[in-house]
Structure formats: C-alpha cells, structure tokens
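>>> Okay, here's the prediction I keep looking at, along with the sequence it came from:
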Amino acid sequence: MESKVTSFLIEAGPDPDSIREKVIAQTPGSLVQAVSARAAKNGYYIEMIAAQTLHATGTPNLLARKPEVDLLLRFAGTTQISRAIGQMGAKIGRPFILVVAGPAKQLARVNWAELHGKELVKRDLSPDELERIEAAALLNVLKG
C-alpha cells in the first residue's frame, strides 16, 4: 500500500501531544509525529526524511524501536534520543510541524482545517536539505 506524507505547520498554542493523539485516532496505523518548526520549511524535505523512516520500518535500519522516534532522530541528525528531543521535539506554546505518513485514504479522513495549520509547500530541495537528507540516511551506520 502506498503511503502519502503530509506536513502541517501549526502555530504556537495547541499542545502538540493532544493534536498528535487526535490525528492518530483518525489514522490508525499511520506514522504521526510532532516536531519543532525549526525542523524544516519544505514539505518535500519532510517527505524525503519520512520516506527513510518508512523504508527502514521492519528492518534493522530503523534507528529506534518506534518509527516516530526514528523520524525525530533523522530530523535532528543524531542517534541520541535525548538530544533529538531537545533539538527537534515539539513544545507547548511554540510552532510545530505535524508529520503524518499513511495510506492516502486514511489521510483524506482527517479534518485538517480543525488543526488550524497550513500545509508546508513542497519545493525543490536546497543543497543544505540534500546534505541533511544524506546525513539522515547514514545515521544507521553510526548506530551500527
């Protein structure tokens, strides 16, 4: 089944965990993670990082037991969970990005308007984004 990745910038205010739980309930089995708005400005970059996590799921290349943690590690560019949470974890009162990866049919059921966010635009990757994608892909070598 083909997965679709959607990312929404949600302005400061709502609790990232409550938003995450709401979307998880509407998209069972999907990967749902809230990350700091500093993680990215490009929806295509997020899609590429999420694709790494999705491809690693169920293999020894997953950086953590849970795909949601793997995704956070890849955004932070580290294999240290505490460091990733500190650098890229979503925090109450600050803007964050909600990343959702799952079957397109499930994602279509979500009432995105009620999240009060805006979908990140997907545009060409910058040289810095390409470098960060490559570094994220190589993290499993460091985990080794």
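Received the coordinates, thanks.
>>> Every contact and neighbour count from this point should use C-alpha atoms.
Fine.
>>> can you pull out the helices in the chain?
For the chain, the helices defined by DSSP state H occupy 16-26, 43-56, 67-76, 81-88, 104-108, 127-137, 139-143.
>>> list the buried ones in the fourth one?
Yep, that's helix 81-88 we're talking about. 81, 84-85, 87-88 (16 or more other CA atoms under 10 Å).
>>> just to revisit the earlier point, I'd like the helices of the chain laid out as CSV, including distance to residue 7 and mean pLDDT.
Formatted as CSV, the helices of the chain follow (distance: least, CA to CA, whole Å; pLDDT from 0 to 100):
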stretch, distance to residue 7, mean pLDDT
helix 16-26, 12, 92
helix 43-56, 6, 96
helix 67-76, 13, 97
helix 81-88, 15, 96
helix 104-108, 11, 86
helix 127-137, 16, 96
helix 139-143, 23, 79
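>>> How many neighbouring residues does the nearest residue to residue 40 once chain neighbours are set aside have?
Nearest residue to residue 40, sequence neighbours excluded (CA to CA, 6 or more residues apart in numbering): residue 46, at 6.9 Å. Residues lying near residue 46 (other CA atoms under 10 Å) number 24.
>>> who's in contact with residue 46?
With contact taken as CA atoms under 8 Å, 6 or more residues apart in numbering, residue 46 is in contact with 7, 40, 99.
>>> with those residues in mind, which one is nearest to residue 76?
Lowest distance from residue 76 to the contacts of residue 46 (CA to CA) belongs to residue 40, with 10.7 Å.
>>> measure that closest one to residue 2 for me?
Using CA to CA, to the nearest Å, one obtains 23 Å as the distance from residue 40 to residue 2.
>>> Tell me the spacing between residue 27 and residue 34.
Remark: distance between residue 27 and residue 34 (CA to CA) = 15 Å.
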